[in-house]
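> Just need the structure, nothing else, for what follows:
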Amino acid sequence: MGHRIAEAIIENGRITYSDHKLPSGKLKVHLVYDTSDASIETERALSLLKETAGIYKGIKADEEARTLRSEWDRNV
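You can find the predicted model right below:
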């Protein structure tokens, strides 16, 4: 089974906008959505961090950020 990411806006339980045409028929989806009025509790944030840890195994964030910053052209 393949995966694709579609940017969409859902209002009142219906899709009102999608960045590309969705295929016809039934779709099995995994919704991840943003809410501007809610914040993640500390325990939930730690749980999410634990679940996603290892996705980028072996990458050190501070070293990667330093490398990216050094490659930026600051005279733009």
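
> just the helices in this structure please.
Residue ranges of the helices in the chain, as given by DSSP state H, are 42-52, 61-71.

> where does the chain dip in pLDDT?
For the chain, the stretches with pLDDT under 70 are 1, 35-40, 56, 73-76.

> From residue 48, how far out is the residue positioned nearest the centre of it?
Of all residues in the chain, the one closest to the mean position by Cα atoms, centre = their mean is residue 32, 7.6 Å from it. According to Cβ to Cβ, to the nearest Å, residue 32 and residue 48 sit 11 Å apart. C-beta: built from backbone N, CA, C; applies to glycine.

> same check, this time on residue 18
Taking Cβ to Cβ, one finds residue 18 at 26 Å from residue 48.

> And residue 58, by the same measure?
To residue 48, residue 58 is 20 Å away according to Cβ to Cβ.

> Neighbour count: these two, which is higher?
Set residue 58 next to residue 48 and count neighbours by other Cβ atoms under 10 Å: residue 48 wins out with 11 against 5.

> if I look at the more buried one, how far off is residue 33?
Residue 48 is 14 Å from residue 33, by Cβ to Cβ.

> can you check residue 24 too?
Distance from residue 24 to residue 33, by Cβ to Cβ: 23 Å.

> can I get the helices of the chain in a markdown table with distance to residue 2?
Shown next, in a markdown table, are the helices of the chain (distance: least, Cβ to Cβ, whole Å):
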| stretch | distance to residue 2 |
| --- | --- |
| helix 42-52 | 21 |
| helix 61-71 | 28 |
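
> Do a quick rundown of the strands in this structure.
8-11, 14-18 (DSSP state E).

> Buried deepest among those, which one?
Comparing those by mean neighbour count (mean count of other Cβ atoms under 10 Å), strand 8-11 ranks first with a mean of 11.

> Fine by me, we can end here.
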